[in-house]
Structures are given as C-alpha cells and as structure tokens.
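> Quick one, structure for this:
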Amino acid sequence: MTIRNISPATVKAWDPLIRVFHWSLVFFFLLAFATEDDWMSLHVQAGYAISLLIGFRLFWGLVGTRNARFLSFVKAPRVVMAHVKGMLSFKVTHYLGHNPVAAVMVIALLTSIALVAFTGMVLIAAEGQGPLAGTLFASWNGEVLEEVHEFFANLTLLLVFAHVAGVVFSSFLEGENLVRAMITGRKKARSHWQDFGSENGVSHES
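As a prediction, this is how the structure comes out:
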C-alpha cells in the first residue's frame, strides 16, 4: 500500500497584487538606499518606482480584496494593546490578514516611505527635474529638505528592521511561516480566525 503525504489545509490570505507590491517595494527601497550616493540616476528611478507602488497600495487599500483593505486590518488602539499583551504572554489571536500590531507597522512604513519619496521629488524639483519641477515645492530650502529626506530614509530602514524582527517573532508565536505566506499567498487553515471571511476558501495544497 502506498502512503501519500498530505499537506496541511491552507486558506487564501494574500492576493497576487499584494504579494507583488510587497516584494517590489522591498527591492526598490533597498535599491534606492544602496544607490543614494554613487548612482543618483538609478536612485531617482527607484524613487519613482516606490512612489507608484505607494500610490497603488493606497488605491488597493480602499478597493482591493478583503485582507488588502485598510478597514479590514486597522484596529482601535485598545485592540492593538490587547494584541501586544497577548504577544508578551505568548498567547496570540490568529488573524488571517495583518494582526493589529502588524497593521500599525504597515501604516508606519507606508507613511515613512511616502515621505521619503515625496521629499526626494522635492529635492530634484529644485534642479528642474521630476514632476514637481516648476511648482511651489521647487523653492523649498534644499539643505533642510535633504536632512528631512535622510531622516525619513533612516527611519524607514529602522522600521524595516523592526518589521523583520516582528515577522520572525510572530511566526514563532503563531506557528506560521509568515514570509512563506507572503510568497505563496496562503496560511495554515485553523478552526477559528479573528477576521475570517467567506471569500477565503480552504484547500489542500500538494
């Protein structure tokens, strides 16, 4: 008799566009950070790509699939604090989408990266380049803006490190490989999800 290995049941968590957005943003942010001093043209092009990605994410956060929409995962402060306490006591509620703490990180990262991209476009506008050239923004103080641009770039990098640490810790607490979930789009099926919706079908992956 042949014994067939059956993979655990999984449920759909992330749609393909969210996954492409996530890994594209990782790539272009790291590219922009690495080319800041020596390859300015590539740095600027990476910044434009980031701006387009942020614009897409804001749009998809309003009209996208259930777990992509901001209203589905942004929670009240009391819910965030309750999840933090649960994490500290090694007892967590399972969310199919972002958990309340991860949601805070998503908003913080999107805001910080958006400010990096915006201040970068204002900086090149002073040189007559980019979509903001010839506008009021082009007259802003370049030295101050450069400091602000670098501040938010460094802040974003710190948030990225915190995000990675949070993913590792949450993966351990939840018994879920969250990096793999963002690649495959699926999580382990569970008997109860805090944010489970009917559109997330259960299947057995082989």
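> right, and Val106 touches Asn99 too?
No: when contacts are counted by C-beta atoms under 8 Å, Val106 is not listed as touching Asn99 (10.4 Å). To be clear about C-beta, it is placed using only N, CA and C from the backbone, and glycine gets the same treatment.
> Identify the contacts common to those two.
Residues touching both Val106 and Asn99 by C-beta atoms under 8 Å, 6 or more residues apart in numbering: Phe73.
> and the two? which has more neighbours close in?
Asn99 (27 against 17; other C-beta atoms under 10 Å).
> So what does that one look like in phi/psi?
The phi and psi values for Asn99, taken as degrees, to the nearest 10, are phi -80, psi 170.
> and what of Thr10?
Here is the backbone geometry of Thr10 (degrees, to the nearest 10): phi -130, psi 160.
> Thought Arg190 was touching it, still the case?
No: using C-beta under 8 Å, Thr10 is not in contact with Arg190, being 10.2 Å away.
> Those two: who's more crowded?
More neighbours surround Thr10 than the other of Thr10 and Arg190, with 19 against 16 (other C-beta under 10 Å).
> what's the closest non-adjacent residue to that one?
Arg186 (4.1 Å; C-beta to C-beta, 6 or more residues apart in numbering).
> Against Gly130, how distant is that neighbour?
Noted for Arg186: a distance of 40 Å to Gly130, by C-beta to C-beta, to the nearest Å.
> More neighbours: those two, which one.
Each of Arg186 and Gly130 has its neighbours counted (other C-beta under 10 Å); Gly130 has more, 21 against 18.
> check which helix or strand covers the spatially closest residue to Phe70 that is not a sequence neighbour.
The shortest distance from Phe70 to any non-neighbouring residue, by C-beta to C-beta, 6+ apart, is to Gly61 (4.4 Å). Using DSSP states H and E, Gly61 sits in helix 40-63.
> got a list of contacts for that helix?
17-18, 21, 24-25, 28-29, 31-32, 35-36, 68-70, 110, 113-114, 116-118, 120-121, 124, 129-130.
> Buried among these? Need that as a selection in ChimeraX.
To isolate in ChimeraX the members of those that are buried, counting by 16 or more other C-beta atoms under 10 Å, one can use:
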select :18,21,25,28,29,31,32,35,68,70,110,113,114,116,117,118,120,121,124,130
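> Nothing else from me, thank you.
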